[in-house]
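K.L.:
With the sequence up front, the predicted model follows.
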Amino acid sequence: MKRVGLLGCGAIGSEIALAIDSGKISAKLTHIYDFSKENSKNLVDKLQNKPIITENVGLLAASPVDMIIEAASQDAVRDDILSILQNRKDVMIMSVGALLDESIFDIVIDGCRDFNKRVYLPSGAIIGLDGIRAVKDELELVTLVTTKNPKALKGAKFFETSNIDPDKITQSTVIYEGSAQEAVRLFPANINVAALLSLAGIGSEKTRVKIVADPHTDKNTHEIQAEGTFGKFSVKVENVPSPSNPKTSRLATLAAIECLRKICGTSLNIGT
Ligand SMILES: NC(=O)C1=CN([C@@H]2O[C@H](COP(=O)(O)OP(=O)(O)OC[C@H]3O[C@@H](n4cnc5c(N)ncnc54)[C@H](OP(=O)(O)O)[C@@H]3O)[C@@H](O)[C@H]2O)C=CC1
Ligand SMILES: O=C([O-])CC(=O)C(=O)O
């Protein structure tokens, strides 16, 4: 049975830990770390099989696990991915936006090669990546339209330099249009899905992102519009937000759990 370490005990990390604890995933969660000791302790309290809370991320990376799940932040990926790979652990990354920084992407690719390790990127809060991967050589235009309640967008770096106040948005408003490359920097906790779309498709400069703030929605909606010589498709998901973090969709957690089940299982693999 795979031994797993967890970096980040928030909305996604906690649900993954509970899924392992319940036996839904055939793995053993042995070590966890989070900036917030309180989050780590609260999680341990909920688990029957208690993992060790490490004092720092270095000790998590060096712990005797086969794999580390990152469910923390893009900064965590930037700061810790090299050490995790050097310690010869496979990694599942949720804060995928960090990989649009070329230097971090290179660290990941080189680390996988040098240490013979694997990095997994679950499909997260979007659907349709199977189609994007299949048509990527014939894809000419791809746009992600993401709609969230302003409350879920609040706190993003974008608002530090914009004159839009998320508290004052009274109707559905397009607040951002640009490249996926820029979007993941300006909305690091909201649009990691744009990085997944870029990596599966035509890259982060050509992948376009539109972000809509809608005070009347209680969903996190992602619509992918793709067009090329293959034809065109659009695919839309209206996600229920996670109760403990409105920025994060329930589907992101479920996709991570399913990805981990596939990694830890031995049986039938369905789909791309
Ligand atoms: N790929 C996808 O489709 C999706 C990706 N995500 C991303 O997944 C990640 C986890 O999401 P979620 O669980 O909702 O986030 P939460 O904010 O609920 O939990 C993250 C936890 O990790 C902690 N943390 C942040 N940075 C570090 C670090 N460098 N070292 C240790 N702990 C850290 C946070 O502590 P503190 O609060 O003190 O900073 C917090 O306790 C986020 O980056 C999010 O943007 C989310 C949804 C979809
Ligand atoms: O969960 C979502 O809807 C998307 C999200 O936050 C992200 O991609 O960072």
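P.N.:
Looks like it arrived, so ask away. Ligands and ions are numbered 1, 2, ... in the order given.

K.L.:
how about the strands of this protein, start to end?
P.N.:
For the chain, the strands defined by DSSP state E cover 2-7, 27-33, 52-53, 67-70, 90-93, 119-120, 139-148, 173-179, 208-213, 220-228, 231-239, 241-242, 245-249.

K.L.:
who in the stretch 51-200 of the chain is up against ligand 1?
P.N.:
When proximity is defined by Cβ under 6 Å from any ligand atom, the stretch 51-200 of the chain lies next to ligand 1 at 57, 71-76, 79, 94-96, 124-125, 189, 192-193. Backbone N, C-alpha and C define where each C-beta goes, glycine included.

K.L.:
In helices, which of those residues fall?
P.N.:
57, 74-76, 79, 192-193 (DSSP state H).

K.L.:
can you redo those residues as JSON lines with neighbour count and pLDDT?
P.N.:
What follows is those, written out as JSON lines (neighbours: other Cβ atoms under 10 Å; pLDDT from 0 to 100):
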{"residue": "57", "neighbour count": "20", "pLDDT": "98"}
{"residue": "74", "neighbour count": "24", "pLDDT": "98"}
{"residue": "75", "neighbour count": "12", "pLDDT": "98"}
{"residue": "76", "neighbour count": "22", "pLDDT": "98"}
{"residue": "79", "neighbour count": "14", "pLDDT": "98"}
{"residue": "192", "neighbour count": "28", "pLDDT": "98"}
{"residue": "193", "neighbour count": "28", "pLDDT": "98"}
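
K.L.:
restrict these to contacts with ligand 2.
P.N.:
192-193.

K.L.:
Could you export the ones in helices among the residues of the stretch 51-200 of the chain next to ligand 1 as TSV, including distance to residue 221?
P.N.:
Below are these laid out as TSV (distance: Cβ to Cβ, whole Å):
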residue	distance to residue 221
57	34
74	22
75	27
76	27
79	31
192	16
193	11
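
K.L.:
That concludes my questions; thank you for your assistance.
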